[in-house]
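*Asks:* Give me the fold of what follows.
(chains A, B and C)
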Amino acid sequence: MSNPNTEDFYALSVVLTGFSAFELYGTGVGDEYFDTVKHVAGNDITNELLTTFRAVEATAAGNESALEALMQSEILASPKLGPIARNIIKMWYLGNWYELPADWYAAYHSTGNKRHDHVISSQAYQEGLAWRAMETKPMGAKWPGFGTWGEPLDVK
Amino acid sequence: MLNNHREVENNHYDVVIVGAGISGAILSHELGKQGFKILVLEAGKTKDFNYPSYLDYLDTFYTALAKVPDSPYPRNPNAPQPDVLDIQAITPDKPDKKGYFVQMGPLPYGSTYTRVPGGTTMHWLGTCLRMLPEDFKLQSNYGHGLDWPISYDDLLPYYEMAEREIGVSANVDEQKYLTLKFTPGYEYPMHKIPQSYLDQKLAEGVAGMTISYNGVEHDVFVSSTPQGRNSIPNENYDGGKGYTPVGAVGNPDLGMRCEGNTSCVPICPVQAKYNALKTLSKALDTGNVTLLTQSVASEVLLGENGLVNGILYKAYTEPGSPEHTVHVARGTKYVLAAHAVENAKLLLQSGITSSSGLVGKNLMDHPVMNTWALMPEKVWGYRGPLSTSGIESLRGGEFRHERSAFRIEIGNDGWNWAAGDPYNLVINLVDNENQFGKKLKDSINAVGPRQFRMGFLMEQIPQETNRVTIDPNYTDHLGNCRPVIHYDLPDYVRKGMQVATETAEQIYARIGAENHTSYSPKTDATYLEYEGQGYAYGGAGHFAGTHIMGTTPDNSVVDSYQRSWDHDNLYLNGCGSFPTVGTSNPTLTMTALTFRTADHLAKELKKATSDLTITGSAH
Amino acid sequence: MTTATKSYIKSIPELHQYLQVAIKLEQATIPPYLCALYTIKPDQNYDASNLIRSVVIEEMLHMVLAANVLNAVGGQPFIDRPGFVADYPTKLPDGEEDFEVSLLPFSPAAIETFLQIERPDAPQPERLLAAKVAPFEHALRKELPDLPPDVHFFTIGMFYEAIIEGLETLCEDLGESNVFTGDPKLQITSEYYYNGGGYIVPVTNLKEAKKALKEIIEQGEGMTDEIDDPHKFGSELAHYYRFQEIQLQRFYRSGDLPDHPTGATFKVDYSQDSVYPMIPNPKTALYPAGSELRQASDEFNMLYTDLLAELQLAFNGEPERLLPAVGGMFQLKYKALELIRNPIPGNEKYNAGPSFEYLKRGN
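*Replies:* Next up, the predicted model:
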């Protein structure tokens, strides 16, 4: 089977996170996330996830609510693909990997690499999208400069 | 940094200091610049005083899964430290041995400290409130604890020295609430740190508000918090001489102003926040101060005359290995400035319990009862220093006869401390609510920018039953004792929490905030009840009271100069000397006491030298 | 061919023109340095990026110092207007004509350009001969129409020396108090400028003006026979030699002769392992209309234009505007990083980058 495709991963990530491809590439850490997924899930399951996504995307044919429903039923509700997809979201939002349940390994990937809960990297922490969704910056990084906190953010 | 133990053993120092935190740094700097020879023994790992070395701490913080106060400062089995992650509810009669502390309960002690050069100022918040004049007389005024042997006025000049050394930013006019007073014309070194947008909205919201305690109306208003972080220098400081902010150690261009990183605890990335490395590096520059790291003081050696004649210390080469060598450091005077708990532990381990028997007893903290809510509009928290304002107007009053006073810290950290967000928020939405994509992003956005916290720092009164003890069954890798902690909160504090909760509810109602505060025995290790209601608290890191100061050897361990009543050349420096803690974050007051002790020590050392000269000439 | 040593500044309006060019010159160096700095991947090329950062911080200081001098002599700094910012690739506005400055990723070519920008005084004769003079093309001549056609400034230092000469001559001719007529309240002081790089000098007289201008010359060029105490606080060595350290991958130490550092060596990696492949001289127009990249590039330039507007106010009587300006600078940095990390769709080779283009305000 071919190597999972990076562009597919970013396309899936756009739908999973609600952030644009520009914003995702702009973090500079997407490749690390993709590597982590491939490392844990292996190429076969990763390809299955991406192929399923591309199929869902084609079926939805640009209809957003259809895409949402299909993502839910075909990917997030899948006991095999759902945990990976949710972990992809959490990586993008928090920079962390959360260990997959033992059941998942037993059912789908008994030889898979187990990764415990961990921060993907120093950079990943700093690029967590949760901070952006909250209209702020990560605690301890990307400093905004003296006194900026005294101003509201919507006036400009 | 090369540790030459042989040379140290052959030397006789004017002062041997245990601990390279803020107290040890200030003492060694103040005395070193007067020409006295000082040795500082530091238990923590050797660390270069340059910025790349500091960045290692920052990277450790970034990659730590739980960004708790000690997360940047790696665990060191040879100089272990308490960790928030070890705190759990205590089963009755079953010591909790999970962390460094052996917690006997019934409640867990919630605070932590850091055993590295620079000490706990590496992760302190930087709040620099003075104690209220009435705080020094809690017994006379309200019938609790022990009066301080000194007054606010005695400490006033030393507060000013402390504010200079730490580099405090505040506008003096905003600090004259309740009975607080300042030297006429006094200015802080730097202008106040700009208050957050949240502070401003809260201040507007509570404008004109009063709250009734026992029929007495108390004003509720927001004050900017004096803090040890760099702001715009005040040109009128020091009679018009002004002040130059001190930047990062080894990179002085950095940190000239607070950059708003919102990670003061556990680590300021630019060192705009004061840490004791700044003073320590000045101390080393005097050429009279020797710093030995990885050197753990393990016994205070007493001579037959009751004077201390040495500090036995264990020097290790690797944090990971218990291998060590044993040495003795000798001097004229000895200062334990190792931390309230470590000071007590070291004394007890040396068999020193004091005439009063109070060593280790009266352990206090400011239990922090967090409350959290959503503002009606976005205020964009998670920006700026972790806290820039507080409600200080409720720190004093007649109610202190019957329950704790408190100050309210307004948190710019959203619900990070209070509820573990954004982590818990995201995980809950993804795992439990099956959200993804734009909906997920919107759900986060709907609450994140409105989140805020009010932390109530409760005054805790001294009780001998709250204490640090030792037990030979519990030791660390070097064979030093682990602190055994007995801790509970009396009804005085619990009633304070009850009133704090009502106060929070009134403030939230007034400003139209949605209160989301909840405490549960399932999730809160510190859960407690009072009159049928549940509360929980976190540690403020304000360990105090393990060697309290007083007026006689019977009612205290040290005198007002922090000198041991029993051992004339031994000083116990730090918050351990506080007989009561009031409601102000204690570092500033401790620093003031340290300057007073430095003055006293310099006089004593000069006296000793001149006595020696007289004796010499008589021969 | 004459080098500009004696005063070509014969009137106050001319002095104002020269100082305005000085501000523009300092500003023009900042985007190229920032592009090199921002294209270095996180945690890579630690020493090189520290060196570049230290230079950038000083260039920002120089811009403020030049504005202080202009304000002191009754001039009015103009920043927020079309034509102030350079269109890269560009020649420097002080008349250095033999090389162009481009926005490049961190690369040997970028460092070579930086060495040209900061080259020390006393140009080599062969370099003079090789100079390709294109006077009619030049921004300087547009702004300084009275500059004699045979006068060229081959280094930034020479340009500043000419301003100092001009100041001295004018003070002699008109009297110092008739030259330094600016409102002292317009001066930027350390109250609002704090980013390091040296001390901000408020300017109210000739002595202070010379001090400010000499600080610029010395930090930039630091002409000495011997390298003196190079890394005291990491920012004492002249810019030229700091860039040379990167080029030679070796630090100077006390006692070294110019061009021959003998201090510690350090690694520099120009490969894509350590550097984002930013397209040379990025332009918004390079990105497809309607694309996210295009929008982001516009957002970047809007932030950039806003920042220039804040600086305009800061230099013209509202020094406290420097605080939001610093905030704006950080915003700009984070947006630039996003652009630099984004591949350009359909372009195999390059990532996007910040274009530093001035946007006309709407309405």
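*Asks:* List the contacts of the closest residue to residue C:320 other than its chain neighbours.
*Replies:* Using Cβ to Cβ, 6 or more residues apart in numbering or on different chains and skipping residues adjacent in sequence, the residue nearest residue C:320 is residue C:192, 5.9 Å away. Every residue, glycine included, has its C-beta placed from N, CA and C. Applying Cβ atoms under 8 Å, 6 or more residues apart in numbering or on different chains to residue C:192 gives the contacts B:232, C:314, C:319, C:320, C:322, C:323.
*Asks:* now do residue B:533
*Replies:* B:498, B:501.
*Asks:* Now do the strands in the chain.
*Replies:* Since you didn't name a chain, this refers to chain A. A:96-97, A:118-119 (DSSP state E).
*Asks:* actually chain C
*Replies:* Under DSSP E, chain C gives strands at C:2-3, C:151-152.
*Asks:* which of these has the lowest average pLDDT?
*Replies:* The minimum mean pLDDT among the strands of chain C belongs to strand C:2-3 (a mean of 40).
*Asks:* Inside helices: which ones of the contacts of residue C:192?
*Replies:* Counting by DSSP state H, the part of the contacts of residue C:192 found in helices is C:314, C:322, C:323.
*Asks:* Could you list the low-pLDDT ranges of the chain?
*Replies:* Unless you meant another one, I'm taking chain A. A:1, A:154-156 (pLDDT under 70).
*Asks:* um, chain B though
*Replies:* Looking at chain B by pLDDT under 70, you get B:1-2, B:612-619.
*Asks:* So which bits of it are right by chain C?
*Replies:* Those residues of chain B that sit near chain C, judged by Cβ under 8 Å from any Cβ of the partner chain, are B:52, B:232, B:233, B:235, B:245, B:247, B:251, B:252, B:253, B:254, B:256, B:257.
*Asks:* sec struct for the last one, please.
*Replies:* Classification of residue B:257 using DSSP: H, G, I helix; E, B strand; the rest coil returns coil.
*Asks:* That one and residue C:333, how far apart?
*Replies:* 17 Å (Cβ to Cβ, to the nearest Å).
*Asks:* Give me the most central residue, the chain.
*Replies:* Since you didn't name a chain, this refers to chain A. Chain A has residue A:88 as the residue nearest its centroid, 2.9 Å off, counting by Cα atoms, centre = their mean.
*Asks:* Can you look at chain B instead?
*Replies:* residue B:542 (4.5 Å).
*Asks:* distance between the ends of stretch B:133-150?
*Replies:* 10 Å (Cα to Cα, to the nearest Å).
*Asks:* how distant is stretch B:114-126 from the center of its chain?
*Replies:* Relative to the chain's own centre, stretch B:114-126 is displaced by 8 Å; criterion: Cα atoms, centre = their mean, to the nearest Å.
*Asks:* what about that stretch, start to end distance?
*Replies:* 15 Å.
*Asks:* right, is that stretch up against chain A?
*Replies:* No: with Cβ under 8 Å from any Cβ as the criterion, chain A is not reached by stretch B:114-126; the gap is at least 11.8 Å.
*Asks:* what's around residue B:357, how many residues?
*Replies:* 11 (other Cβ atoms under 10 Å in any protein chain shown).
*Asks:* quick revisit: relative to chain C, how far out is the residue nearest to the centre of chain A?
*Replies:* Separation of residue A:88 from chain C (Cβ to the nearest Cβ, to the nearest Å) stands at 19 Å.
*Asks:* mind checking how far that residue is from residue C:335?
*Replies:* Residue A:88 is 25 Å from residue C:335, by Cβ to Cβ.
*Asks:* still on that earlier bit, can you pick out the residue with more neighbours from residue B:257 and residue C:333?
*Replies:* More crowded of residue B:257 and residue C:333, by other Cβ under 10 Å: residue B:257, with 25 against 16.
*Asks:* Just the buried residues from the ones in helices among the contacts of residue C:192, in PyMOL please.
*Replies:* The following PyMOL line selects those of these that are buried, judged by 16 or more other Cβ atoms under 10 Å in any protein chain shown:
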select buried, chain C and resi 314+322+323
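*Asks:* Could I get the ones in helices among the contacts of residue C:192 in TSV, plus columns for pLDDT and distance to residue B:106?
*Replies:* Output for the ones in helices among the contacts of residue C:192, formatted as TSV (pLDDT from 0 to 100; distance: Cβ to Cβ, whole Å):
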residue	pLDDT	distance to residue B:106
C:314	95	59
C:322	91	55
C:323	89	50
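*Asks:* Closest to chain B out of the ones in helices among the contacts of residue C:192?
*Replies:* Using Cβ to the nearest Cβ, residue C:323 is the member of those that lies nearest chain B, at 8.7 Å.
*Asks:* In contact with the residue nearest to that closest one when sequence neighbours are not counted, which residues?
*Replies:* For residue C:323, ignoring the flanking residues on the chain, the nearest one in space by Cβ to Cβ, 6+ apart is residue A:147 at 4.9 Å. When contacts are counted by Cβ under 8 Å, 6+ apart, residue A:147 touches B:194, B:257, B:260, C:323, C:324, C:327.
*Asks:* switch to 10 Å and redo it
*Replies:* B:193-195, B:231-232, B:257-260, B:384, C:320, C:323-324, C:326-327 (Cβ atoms under 10 Å, 6 or more residues apart in numbering or on different chains).
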